[in-house]
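# Can you look at this prediction? I've put the sequence above it.
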Amino acid sequence: MSRSSCIYVAGHGGMVGSAIWRHLSNVGFTNLHGRTRAELNLLDADSVRRFYGEMQPEFVFVAAAKVGGIVANSTQPASFLYENLQVQNNLIHGAFEAGVKKLLFLGSSCIYPKHASQPIKEEYLLSGPLEPTNEWYAIAKIAGIKLCQAYRRQHGARFISVMPCNLYGFGDNYHPEFSHVLPGMIRRFHEAKVMCQPSVTCWGSGNPRREFLFANDLAEACVFLMESYDGEAALNVGAGKDLTIRELAEVVRRVVDFEGDIVWDPSRPDGTPRKLLDCSRITAMGWKPRTDLEAGIRFAYSDFLKTVVS
């Protein structure tokens, strides 16, 4: 990519898309394009086709998706499967039709089997059953990865895929029911602190292990791969270490400065026992994350105070 290349960031208003946009801008890319939902309905193939025809982007980052935590996935399975399939099909096929030079599709670590060996290598994809609490989203993401590979094999399209671990950062979703675990904790601990509650109840046993990556670090990885990687195999992108949900709660409590107790509700689902990605392929290429987890959570909490509380 040259600094004047025409670049479209699908989902530029979301947490990941906005991080990609910021990073591109910060390193000197000047011809960036994004569309809000009101401006472009990604569920409508004709609208996407017209947009590609008018804009003629050279490079596309597909960061647009319907996302959510366990509750959202469990209560809206049809929406998660249908909408994500439609959006990614329209963006990927539309990019092929428009002659886009290169496209990067963002998958997710939830595509891997529930009981995959740890750390999870890219080749473990489709080697076992998925975690039931997010299988609808995972199936859509797997289809997107395979669609990129299919266009590469059949048409020589330079479409690549990235599988990030759990993400957090500026512009995250802090919905009280439909958020992911980390932003959900930030909200609950903050509200408990403000209301002087004696405790916060967290879901499950607290024993599952998760890996968390600051969205700004993922954005840097995506731009790095767009410029330096052109293989069919999807690549893992993660922090390289994990911690238990119980340990995560302690970090969030410390950052928020909540002095009450943490109560665990084992009647609630734990999800996958562990998800730690093997990121040896991308680290061998020269990329590594920059942001320490506690520092990243402090950035996220500050953003929550500015965008949600104020």
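Right, received. Where do you want to start?
# All the strands of the stretch 101-250 of the chain, residue numbers only.
For the stretch 101-250 of the chain, strands defined by DSSP state E, counting those that start in this stretch occupy the ranges 102-106, 159-164, 166-168, 199-203, 209-210, 212-214, 235-237, 243-244.
# would TSV of those strands with mean neighbour count be doable?
The C-beta positions use only the backbone N, C-alpha and C, and glycine is treated the same way. Below are the strands of the stretch 101-250 of the chain laid out as TSV (neighbours: other Cβ atoms under 10 Å):
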stretch	mean neighbour count
strand 102-106	24
strand 159-164	24
strand 166-168	22
strand 199-203	17
strand 209-210	20
strand 212-214	24
strand 235-237	24
strand 243-244	16
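# So for Ala300, which of these sits nearest?
strand 166-168 (5.4 Å; Cβ to Cβ).
# How far off centre is the closest one?
Distance, stretch centre to chain centre, for strand 166-168: 6 Å (Cα atoms, centre = their mean, to the nearest Å).
# Parallel or antiparallel, which strands does it pair with?
Here strand 166-168 is paired, per DSSP bridges, with strand 212-214 (parallel).
# neighbouring contacts of the partner strand?
164-169, 182, 237-239, 248, 289-291, 293, 296, 299 (Cβ atoms under 8 Å, 6 or more residues apart in numbering).
# Please repeat the previous calculation with a cut-off of 7 Å.
By Cβ atoms under 7 Å, 6 or more residues apart in numbering, the residues outside strand 212-214 that reach it are 164-169, 182, 237-239, 289, 291, 293, 296.
# tally of neighbours for Val309?
For Val309, the count of nearby residues is 12 (other Cβ atoms under 10 Å).
# which phi and psi does Ala295 have?
Phi and psi for Ala295, reported as degrees, to the nearest 10, are phi -60, psi -40.
# Could I get the contacting residues of Val181?
With contact taken as Cβ under 7 Å, 6+ apart, Val181 is in contact with 69, 245.
# Start at 47, not 1
Fine by me, first position is 47 from now on; the one you just mentioned is Val227.
# show me what contacts the nearest residue to Ser51 once chain neighbours are set aside?
Of all residues not flanking Ser51 in the chain, Glu104 sits nearest, at 4.9 Å (Cβ to Cβ, 6 or more residues apart in numbering). Listed by Cβ under 7 Å, 6+ apart, the contact set of Glu104 reads 51-53, 146-147.
# What of Arg314?
Contacts here follow Cβ under 7 Å, 6+ apart; on that basis Arg314 touches 249-250.
# Okay, it and Ala56: tell me how far apart.
Counting by Cβ to Cβ, to the nearest Å, the separation of Arg314 from Ala56 is 33 Å.
# Tell me which residues touch Ile53, please.
The contact partners of Ile53, by Cβ under 7 Å, 6+ apart, come to 70, 75, 77-79, 103-105.
# Could you tell me which of those residues count as buried?
Taking 16 or more other Cβ atoms under 10 Å as the criterion, what is buried in these is 70, 75, 77-78, 103-105.
# List the ones among those residues that fall in strands.
Taking DSSP state E as the definition of strands, the buried ones among the contacts of Ile53 contribute 78, 105.
# quick one: buried residues of the least confident helix or strand in the chain by mean pLDDT?
Lowest by mean pLDDT, DSSP states H and E among the helices and strands of the chain is helix 116-121, with a mean of 82. Across helix 116-121, burial judged by 16+ other Cβ under 10 Å covers 116-119.
# Which parts of the stretch 97-246 of the chain are helices?
Using DSSP state H, counting those that start in this stretch, the helices of the stretch 97-246 of the chain run over 116-121, 123-144, 181-201, 227-240.
# mean pLDDT lowest for which of the ones you listed?
When the helices of the stretch 97-246 of the chain are compared by mean pLDDT, helix 116-121 comes last with a mean of 82.
# contact partners of that one?
With Cβ under 7 Å, 6+ apart as the test, helix 116-121 has contacts from 126, 179-180, 182-183, 223-224, 315, 317.
# Please convert the residues you listed to CSV, extending it with neighbour count.
Below are the contacts of helix 116-121 laid out as CSV (neighbours: other Cβ under 10 Å):
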residue, neighbour count
Phe126, 24
Thr179, 19
Asn180, 25
Trp182, 22
Tyr183, 26
Glu223, 11
Phe224, 17
Pro315, 15
Gly317, 22
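# want to throw those residues into TSV with distance to Val355?
Converted to TSV, the contacts of helix 116-121 look like this (distance: Cβ to Cβ, whole Å):
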residue	distance to Val355
Phe126	28
Thr179	29
Asn180	28
Trp182	32
Tyr183	28
Glu223	18
Phe224	18
Pro315	29
Gly317	28
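# quick one: which of the residues you listed is nearest Thr290?
Out of these, the member with the shortest distance to Thr290 (by Cβ to Cβ) is Gly317, at 12.6 Å.
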